[in-house]
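Novice: Give me a model of this one.
(chains A, B and C)
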Amino acid sequence: MFKAKIDSTVFRECIESLTAIVDEGKFRLTESGLKLRAVDPANVAMVSFELQRDAFDLFQFAVKESGSEAETEPESKKEIEIGMDFVKFLAILGIGGRDEVELELDENGQKLFTRMGSLAYTISLLDPSSLRKEPKVPELEFPVQVIIETEVFRRTIRAAERIGDHIVLGVDGEVFYMETEGEMDKLRLGLRKDQLILLTPGTVHSLYSLDFIAAMSKGMSHVENITLNLGKDYPLRLDFEVAEGKGKVSYLLAPRIENE
Amino acid sequence: MFKAKIDSTVFRECIESLTAIVDEGKFRLTESGLKLRAVDPANVAMVSFELQRDAFDLFQFAVKESGSEAETEPESKKEIEIGMDFVKFLAILGIGGRDEVELELDENGQKLFTRMGSLAYTISLLDPSSLRKEPKVPELEFPVQVIIETEVFRRTIRAAERIGDHIVLGVDGEVFYMETEGEMDKLRLGLRKDQLILLTPGTVHSLYSLDFIAAMSKGMSHVENITLNLGKDYPLRLDFEVAEGKGKVSYLLAPRIENE
Amino acid sequence: MFKAKIDSTVFRECIESLTAIVDEGKFRLTESGLKLRAVDPANVAMVSFELQRDAFDLFQFAVKESGSEAETEPESKKEIEIGMDFVKFLAILGIGGRDEVELELDENGQKLFTRMGSLAYTISLLDPSSLRKEPKVPELEFPVQVIIETEVFRRTIRAAERIGDHIVLGVDGEVFYMETEGEMDKLRLGLRKDQLILLTPGTVHSLYSLDFIAAMSKGMSHVENITLNLGKDYPLRLDFEVAEGKGKVSYLLAPRIENE
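Specialist: As a prediction, this is how the structure comes out:
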């Protein structure tokens, strides 16, 4: 049993942060809220998502007693998996306007009733077993952390896309930089510590595919600040909060090898 | 002889209500104003349009004395038919801005002079005999009437288009509903009597093609309320006023047979 | 050596006035500012552009002493030619936001460093010898001059494009007119002297290709007034100011022969 109410803008922003990486995926519903972990089809980027139950205006959750059958899997007792087409769901949420979203899972867990004001949607869910397995999050240690205004980051990514296919994110002493080279032109954003919200000084840089960073930057359009966790030729972990801090999104992106 | 002046916004909304159904058609000009009745090319939807002479700031109309010839058709004495490409005319009106529209028919009824401020257009008219005949309006009696805010209706139609191809409009007791089912998902808008401007309680519903209703809903973008006249497996007649009540538009749409 | 700073909005408008006619071209840098003259690929329209050094917030210019070599061309002493892809440059300027633009030519004149706030671009320049030669401006005398609000001119051009392929610009006594005839329809804008900023009375008219006038009208979107210099079956010279009068743009367009 799952029944919930949530602010439509908040919920739309959550789903938007997922569609930046994946079209569909499995939510894991538990007593404490909603979780998701998924990789993009090319296995290059990953999204980890978490929304606490107190981000909801109403959150009712219970797992059916599955009787005394021997084959009962222990973890299924405490969580429900629901498979969703996030792209379609986002389109539906977009139409509902500003009305609060009410969600209700049907008894068999195959349909999600969604109500926004006088509009009611019944959405067929995807079979969780037909979806790709949840990825493991690798253990990573990032020597450097940068907190930057989302708008500055996004604008630079848009500019970089006109120049080249890859981008270097790096820290050089007390300067954070983003650098792209095309065949003809070169773009560099350099921000000193005082132009950032936070900077761990250091000397690191890694090269990433612009396509993926551009996709990610679409998932954070309503977020004020993002945290970049960086290393030397190392994955990027890009963190931000949603739902007034009651939700967390992390994107993880594998680095590209520089041809040097 | 026909000469008239009219507010450009009002006139644009009138023509827009026609282009929702037909690209071209015949206006019948008489002493009392402007009329049109036309069916869409697929013969599924019909538009009836009427604009009273007092919707105009100036309205001069006279039919030439055609002498004493024996073959004079009586009705031609009192009306002039003008064939128009409404889509092109709407584009021209859109460019003129907010200036009052002045219309003047040339002597042979083959051109329409249109003036908006310093801009003057001369539009070649279509030969009325080359256009499809005016349809007869079938006699219909509608057991149920619903008056609804246009914006609520239009938003639901937009949402429904993402789900399926058809839509049920119905009244169930004191609730008006719109319902669409796709292969996977289902959408339902339900509005109680107190959420509507008017509702005749009853039990009726009919299925309609969403394509046509979506087209219609483009013709009423500036209208506050629309009246839906409904029956059981019956045509829909959708009425609204234009020109501050001095004009009337009715769309008539044949129902689809439900596969049940 | 060339180093300059300029308001980004002003500079964007300058480059926009060029891209209306050409995609790429040669700037001639001198002590007194920036100049360009270029024809469109079809050789029908020409743009002359001039931006005074005092339109810049900083303007440093010096030509390298090229030693005592015999083959030194005299004009190269006092000016530097730089070849640019204006379309790409405009895109880059568009991304920089409202920050002041800093320009700096590299020593070999092959790259232009462009800085806007924290963003730095390095743009490869085009080899000036690979670009078309600068056209000569024909000597012309225009009997008639009209100064008109840009918005009125542009709106009429947009309207005319829906009707036909050519447009007549003319003056008849104290009326300036623009007239387009299509197969079916005709459009005429007529403005009396008191509806214009300036009009030299006269009797002239010429026919021009709408494609080119429409392209030009995209280059003047931020300009309040434009000056039309007209004659009888004569080229059109369309002048306007940029950078608060510290820059000048002239478009020259060859007339079409009327089929009469």
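Novice: what does the stretch 51-200 of chain A put close to chain C?
Specialist: A:152, A:155-156, A:158-159, A:162-163, A:184-191, A:195 (CB under 8 Å from any CB of the partner chain). In short, each C-beta sits where N, CA and C put it, glycine included.
Novice: Just the C-alphas of the worst-scoring helix or strand of chain A on mean pLDDT, formatted as CSV.
Specialist: In chain A, no helix or strand scores lower on mean pLDDT, DSSP states H and E than helix A:86-95, which sits at a mean of 88. Output of helix A:86-95 as CSV, limited to C-alpha atoms (Å, rounded to 0.1, in the frame of the first residue of the first chain):
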residue,chain,number,x,y,z
PHE,A,86,9.7,8.9,-16.3
VAL,A,87,9.5,10.8,-19.6
LYS,A,88,5.8,10.1,-19.9
PHE,A,89,5.2,10.8,-16.2
LEU,A,90,6.9,14.1,-16.5
ALA,A,91,4.7,15.1,-19.4
ILE,A,92,1.6,14.2,-17.4
LEU,A,93,2.8,16.2,-14.4
GLY,A,94,3.5,19.1,-16.7
ILE,A,95,-0.2,19.3,-17.7
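Novice: Packing partners of that helix?
Specialist: For helix A:86-95, the elements it packs on are helix A:8-19, strand A:24-30, strand A:111-116, strand A:119-124, helix B:150-161, judged by 3 or more CB pairs under 8 Å, 6 or more residues apart in numbering or on different chains; DSSP states H and E.
Novice: Find the closest residue to chain B in the stretch 151-260 of chain A.
Specialist: Relative to chain B, the nearest point of the stretch 151-260 of chain A is residue A:218 (20.4 Å; CB to the nearest CB).
Novice: so what's that residue up against?
Specialist: Shown in contact with residue A:218 (CB atoms under 8 Å, 6 or more residues apart in numbering or on different chains): A:16, A:20.
Novice: any idea of the pLDDT on it?
Specialist: The score at residue A:218 is 94. That number is its pLDDT.
Novice: Got the phi and psi for it?
Specialist: phi -80, psi -20 (degrees, to the nearest 10).
Novice: and what of residue A:247?
Specialist: phi -140, psi 150.
Novice: Is it in contact with residue A:48, as I believe?
Specialist: No. Using CB atoms under 8 Å, residue A:247 makes no contact with residue A:48, being 11.2 Å away.
Novice: So those two - more neighbours on which side?
Specialist: residue A:247 (21 against 18; other CB atoms under 10 Å in any protein chain shown).
Novice: Tell me how far the closest residue to the more buried one other than its chain neighbours lies from chain C.
Specialist: Leaving aside its chain neighbours, residue A:247 sits nearest to residue A:51 (4.1 Å; criterion: CB to CB, 6 or more residues apart in numbering or on different chains). Between residue A:51 and chain C the computed distance is 33 Å (CB to the nearest CB, to the nearest Å).
Novice: okay, the helix or strand that contains residue A:51 in CSV with CA atoms only?
Specialist: Per DSSP states H and E: residue A:51 is located in strand A:45-52. Only the C-alpha atoms of strand A:45-52 are listed here, as CSV (Å, rounded to 0.1, in the frame of the first residue of the first chain):
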residue,chain,number,x,y,z
ALA,A,45,26.5,8.1,-16.2
MET,A,46,24.7,7.1,-13.1
VAL,A,47,22.0,8.9,-11.1
SER,A,48,21.3,8.3,-7.4
PHE,A,49,18.1,9.8,-6.1
GLU,A,50,16.5,10.0,-2.7
LEU,A,51,13.4,11.7,-1.5
GLN,A,52,12.6,11.6,2.3
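Novice: So which other helices or strands are in contact with it?
Specialist: helix A:8-19, strand A:33-39, helix A:210-218, strand A:247-253.
Novice: cutoff 10 Å now
Specialist: Secondary-structure packing of strand A:45-52 (3 or more CB pairs under 10 Å, 6 or more residues apart in numbering or on different chains; DSSP states H and E): helix A:8-19, strand A:24-30, strand A:33-39, helix A:210-218, strand A:236-242, strand A:247-253.
Novice: buried subset of the residues of the stretch 51-200 of chain A next to chain C?
Specialist: Buried by 16 or more other CB atoms under 10 Å in any protein chain shown: A:152, A:155-156, A:159, A:162-163, A:185-191, A:195, out of those.
Novice: want to try JSON lines for these, with pLDDT as columns?
Specialist: Shown next, in JSON lines, are these (pLDDT from 0 to 100):
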{"residue": "A:152", "pLDDT": "93"}
{"residue": "A:155", "pLDDT": "90"}
{"residue": "A:156", "pLDDT": "93"}
{"residue": "A:159", "pLDDT": "89"}
{"residue": "A:162", "pLDDT": "87"}
{"residue": "A:163", "pLDDT": "89"}
{"residue": "A:185", "pLDDT": "91"}
{"residue": "A:186", "pLDDT": "94"}
{"residue": "A:187", "pLDDT": "94"}
{"residue": "A:188", "pLDDT": "95"}
{"residue": "A:189", "pLDDT": "95"}
{"residue": "A:190", "pLDDT": "95"}
{"residue": "A:191", "pLDDT": "95"}
{"residue": "A:195", "pLDDT": "95"}
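Novice: which ones are touching residue A:170?
Specialist: Residue A:170 makes contact with A:144, A:146, A:176-179, A:190, A:202-207, A:230, A:232 under the criterion CB atoms under 10 Å, 6 or more residues apart in numbering or on different chains.
Novice: Got a PyMOL select line for the buried ones in the residues you listed?
Specialist: With 16+ other CB under 10 Å as the criterion, this PyMOL line picks the buried residues out of the contacts of residue A:170:
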select buried, chain A and resi 144+146+176+177+178+179+190+202+204+205+206+207+230
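Novice: Which members of the contacts of residue A:170 occur in helices, if any?
Specialist: Assigned to helices by DSSP state H, none of those qualify.
Novice: Name the pair among the contacts of residue A:170 with the greatest separation in space.
Specialist: By the measure CB to CB, A:190 and A:232 form the most distant pair in the contacts of residue A:170, at 18.5 Å.
Novice: Nearest to residue B:101 among the residues of the stretch 51-200 of chain A next to chain C?
Specialist: Checking those against residue B:101 with CB to CB, the nearest one is residue A:158 at 43.1 Å.
Novice: Okay, and the beta partners of residue A:146?
Specialist: The partner list for residue A:146 in beta bridges (DSSP bridges) reads residue A:199, residue A:228.
Novice: now do residue A:247
Specialist: In beta-bridge terms (that is, DSSP bridges), residue A:247 pairs with residue A:51, residue A:242.
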